[in-house]
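[1] Predicted model, plus sequence, below.
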Amino acid sequence: MADSGKPLLIKRYASRRLYNTETSDYVTLEDIAGFIREGREVQIIDLKSGDDLTRQYFLQIIAEHEGRGENVLPINVLTDLVRSYTSQAQSVVPDFLAMSFDMLRDGQSKMMENLNTIPNPMQRMPGYDAMRAQQAAFLKAMTGQWPEGGTEPESEDSTASDDLAEIKKQLADLQQKLSKLKD
């Protein structure tokens, strides 16, 4: 895509067709939703009048997704939104929603930063070491050599056997607990 710093300009023609000025082709509401999901800012204007139609098209995209059963907004939130249009809270709700989504975006980006600082997030997964040992054994069997450094790791087979025995023990314990719950 072109410069993601400025909004993607979509023009609506008198025929109600939407024209992507960046790629010089017609687009659908689903295409516009895709641009937004990719992180693009989008602006939709009426070609003849120059009016900004972005808000009404975004609301139409949301309405179509909700109509297909993709319920993102709980009914109580929708109720509060309708209520906000008929009450004095009108000025507070948009600011509150904007701040809430900003906080959500910040939280998501911080979480992704934290995940990227961990060398390998899979290392925290139970059974990771056993899985690595199985991968190494598989690679050895397939290639006839040791994967890392070309030398045989010390006591990897015994570590894998110990890990496998531990997993079997944990599985037996879980099965025993489940059978007690059934009784």
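    Okay, I see it.

[2] drop to CA atoms for contacts and neighbour counts, all remaining ones
    Fine.

[3] any low-confidence regions in this structure?
    Applying pLDDT under 70 to the chain flags the ranges 1-4, 87-91, 112, 114-125, 138-160, 182-183.

[4] Show me the strands in it, by range?
    Under the criterion DSSP state E, strands of the chain are mapped to 8-12, 18-20, 25-27, 42-46.

[5] Could you work out which of these reaches nearest to residue 57?
    Comparing the strands of the chain by their distance to residue 57 (C-alpha to C-alpha), the top pick is strand 42-46, with 7.8 Å.

[6] Which residues does that closest one contact?
    7-13, 32, 35-36, 51-54, 57 (C-alpha atoms under 8 Å, 6 or more residues apart in numbering).

[7] for those residues, which one is nearest residue 166?
    residue 36 (47.5 Å).

[8] What distance do you get for the nearest residue to the closest one once chain neighbours are set aside to residue 53?
    Leaving aside its sequence neighbours, residue 36 sits nearest to residue 42 (C-alpha to C-alpha, 6 or more residues apart in numbering; 6.9 Å). With distances taken as C-alpha to C-alpha, to the nearest Å, residue 42 is found 11 Å from residue 53.

[9] out of those two, which sits in the busier spot?
    Between residue 42 and residue 53, counting by other C-alpha atoms under 10 Å, residue 42 is the more crowded of the two (18 against 15).

[10] show me the contacts for the residue lying closest to residue 26 once chain neighbours are set aside.
    Closest residue to residue 26 apart from its sequence neighbours, by C-alpha to C-alpha, 6+ apart: residue 19 at 4.4 Å. Going by C-alpha under 8 Å, 6+ apart, residue 19 touches 10-13, 25-27.
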